[in-house]
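K.L.:
Below is the sequence, then the predicted model.
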Amino acid sequence: MNRTKPKLAIHKFSSCDGCQLALLNLGESLLELPKYVDITHFAEAGPNNPNAKVDIALVEGSISTPDDIERIKQVRENSAYLIAIGACATTGGLQALANLADRDAWMAAVYARSDTIETLSSSTAISEHVKVDLELHGCPVNSQQVTAALADLLVGVKPVSERQPLCMECKRKGVVCTMVTKGEPCMGPVTRTGCGALCPSLGRACYSCYGPAETVNDGALAQRLQSLGLTTEAVARRFLFITSGAPPFRDAGLRLRPPPLETDE
Amino acid sequence: MSAQHIAARRPGFMERERLQGFLDVFRLLGYRTLGPVVEEETIQWREVDTIDALPTGVHARQGAGEYHLEVQSDNRLFAWNHGPQAIKPLLFSAEETLWHERLMADGQVDIKQTLPEVKPTAIFGVRACDLAALALQDRHFLSQQNPDPHYRIRREALFLIGVDCAFSAATCFCTSTGDGPSLGEGFDIGMAELDDGYLAWGGSAKGGEIIDGLSLEPATEAQLNSMIQETDRAAAQQHRFLPGETELKQLYDKLNHGHWDEVGERCLSCGNCTAVCPTCFCYSTGYQRTLDGRSAEMKRQWDSCFSQTHSSMGQFMLRRETALRYRQWLTHKLAGWQEQFGRSGCVGCGRCITWCPVGIDLTQAVAALLDGGLADV
Ligand code: SF4
Ligand code: SF4
Ligand code: SF4
Ligand code: SF4
């Protein structure tokens, strides 16, 4: 059998590289991967060929600069199937917090000179710029989910993305509910599964690095979090955190913390 | 507890000091012994070799969306009601592989069923509601035409040691469903905890043999009376209830009641209630493939009628709104099961109330739906 292997590229946009690191941490299955795909571009690991045409592209990071916009269009054009991986690529990431703040003031506070920095007025998900075929969430992404999606694609099956609330995962794993037993301000009921209920399994509340689940009843959860003693502002911050750019969370957060009215001084 | 009930038990008395020896019998017979153990601030089924591992004086304080253990000065080992899970996860596994498929060199597909390897398992301290739930799960998974092999293998390995409930949690309402607090049927050995020891009696042939082997003194009149008082106290502690089954069937006449939307506003669609319910049996299946594209595992995992996919057919979703999912759950559990299994699917354990992150209480929902409104308790 002399079939050419499908080509795979791994691209980075505005991000911390954590999702690429998660892929590197795959260990054995990462070594196995080149048997079935030809990795043409993965700068973090070596191969550097960003403009090659590929069958599958994994895209890490959000769109936050004018250059990002041009590059993502190119990547889309070059890729038959595009998978956005991680919180940045699927929601705009932690850096999307600046979308809700005074970006110029933040830049002035952080950098000695901000006039050399070229940035867009917002950090946004890949899907807001080009068609995305599959989104895999998390900060970082669960690399097992990535290989499962690749395994599906390699045999021509459409991968499915997990969307149920994290609570289902807690119960399947036999993890005791931190909210019911300890009053932890858990975001699990509105957060999608995928991490294996990592934080609750360590007795902690989920802070929703995977972003919104299929159903988000933010009002009911906010009420419960407030009854656990959180202030309205603290509840708003639970929604406006790693995945604040995801519309259900952004809207929930802004309902709790309406933006200040514009005033002319 | 009816006189008939008590007469049928004919229990013997086992002093507290003999409990360890009783536990040892099962180990000697080759059983893995599971019992209640405090873990992560809850009661969990874990392997126990010594009775010191059992929770002395531990009571569970439960409320809507609340669960806390408290230690009281009594020396009771079975004062707790109850853990986050009944015995459902030990039989109907939350996640498991059903079979392996492998593409052979000749193009044929080799399919191998993967059956669980289980040791005979004795469970100490199973409650009446959990046994009633088990009977319902048996009817579902062990139907004559299509018994579930994975469930059956685990089920056949079980030896059940039931215990009467001497206390009730605030969320318990088994008295109104008729499933507790005293043991009904479905156990191999039944026990009742008294201040100075245990009454024990056989519930099956194999349980009876073990009890006979212990040569216990027959219980005295006073001990029998204490046994009744214990469960009477538990029953008197219950203040939640469900109406009878005929009334529950009327839920089908309330499909357009405004209360569904009220619950829908509060419900998170998180599925906790179905996951902790000892009678819920829904699951989903899916393939997990290997990268070489030559083999796959068929996985099954707990699903819930609160998930979107549960009512999805292709692109079409039957129950978009949470209110409709809650309505599906409640009407199926309390009315639909009566048609399917000849009884309601609720055994009054109250777990769905306790483990609901926002404390939604089905007994209140039913009261509001059937009576047109009851104030929140
Ligand atoms: S710990 Fe959080 S995610 Fe887990 S069941 Fe409780 S609320 Fe849901
Ligand atoms: S529990 Fe929540 S915050 Fe923790 S890893 Fe999972 S999704 Fe992220
Ligand atoms: S519906 Fe609730 S109270 Fe009834 S058996 Fe299920 S979990 Fe227990
Ligand atoms: S009733 Fe409670 S536990 Fe059940 S899905 Fe709704 S919020 Fe979750």
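P.N.:
Great, that's in hand. Ligands and ions are numbered 1, 2, ... in the order given.
K.L.:
For the closest residue to chain B within the stretch 1-150 of chain A, list the residues it contacts.
P.N.:
Nearest residue of the stretch 1-150 of chain A to chain B (CB to the nearest CB) works out as residue A:36 at 5.3 Å. The way it works is simple: take the backbone N, C-alpha and C, and place the C-beta from them, glycine included. Neighbouring residues of residue A:36 by CB atoms under 8 Å, 6 or more residues apart in numbering or on different chains: A:5-6, A:150, A:154, B:291-293.
K.L.:
distance of it from residue A:209?
P.N.:
29 Å (CB to CB, to the nearest Å).
K.L.:
where does chain B come near ligand 4, residue by residue?
P.N.:
B:267-273, B:306, B:356-358, B:360 (CB under 6 Å from any ligand atom).
K.L.:
Is the residue of the stretch 101-250 of chain B found nearest ligand 3 within a helix or a strand, and which one?
P.N.:
When scored by CB to the nearest ligand atom, the stretch 101-250 of chain B has residue B:133 as its residue closest to ligand 3, at 6.1 Å. In this assignment (DSSP states H and E), residue B:133 forms part of helix B:128-141.
K.L.:
near chain A at all, that helix?
P.N.:
No - Helix B:128-141 does not reach chain A (CB under 8 Å from any CB of the partner chain); its nearest approach is 15.9 Å.
K.L.:
Does anything pack onto that helix? Which helices or strands?
P.N.:
In terms of contacts (3 or more CB pairs under 8 Å, 6 or more residues apart in numbering or on different chains; DSSP states H and E), helix B:128-141 is packed against helix B:88-91, helix B:149-156, strand B:158-163, helix B:174-177, helix B:337-341.
K.L.:
again, only this time at 7 Å
P.N.:
strand B:158-163 (3 or more CB pairs under 7 Å, 6 or more residues apart in numbering or on different chains; DSSP states H and E).
K.L.:
who's in contact with the strand it packs on?
P.N.:
Here strand B:158-163 makes contact (CB atoms under 7 Å, 6 or more residues apart in numbering or on different chains) with B:31, B:78, B:120-128, B:131, B:183, B:186-191, B:193.
K.L.:
Taking helix B:128-141 as reference, get the angle to the helix ranked longest in chain B.
P.N.:
In chain B, assigned by DSSP state H, the helix with the most residues is helix B:221-236. Taking axes from the mean of the first three to the mean of the last three CA atoms, to 10 degrees, one finds helix B:221-236 and helix B:128-141 inclined to each other by 70 degrees.
K.L.:
mind listing what's buried in helix B:221-236?
P.N.:
B:223-224, B:226-228, B:230-231, B:234-235 (16 or more other CB atoms under 10 Å in any protein chain shown).
K.L.:
Relative to ligand 1, which of those residues is nearest.
P.N.:
residue B:234 (28.0 Å).
K.L.:
and that closest one, how far is that from residue B:170?
P.N.:
Between residue B:234 and residue B:170 the computed distance is 12 Å (CB to CB).
K.L.:
what separates residue A:84 from ligand 4, distance-wise?
P.N.:
29 Å (CB to the nearest ligand atom, to the nearest Å).
K.L.:
wouldn't that residue be in contact with residue A:130 here?
P.N.:
No - with contacts counted by CB atoms under 7 Å, residue A:84 stays clear of residue A:130, the gap being 9.5 Å.
K.L.:
Tell me how many other residues crowd the closest residue to residue A:5 other than its chain neighbours.
P.N.:
Spatial nearest neighbour of residue A:5, excluding adjacent residues (CB to CB, 6 or more residues apart in numbering or on different chains): residue A:38 at 4.5 Å. Counted with other CB atoms under 10 Å in any protein chain shown, the neighbours of residue A:38 add up to 16.
K.L.:
Mind listing the residues bridging to residue A:38?
P.N.:
Assessed by DSSP bridges, residue A:38 has beta-bridge partners residue A:7.
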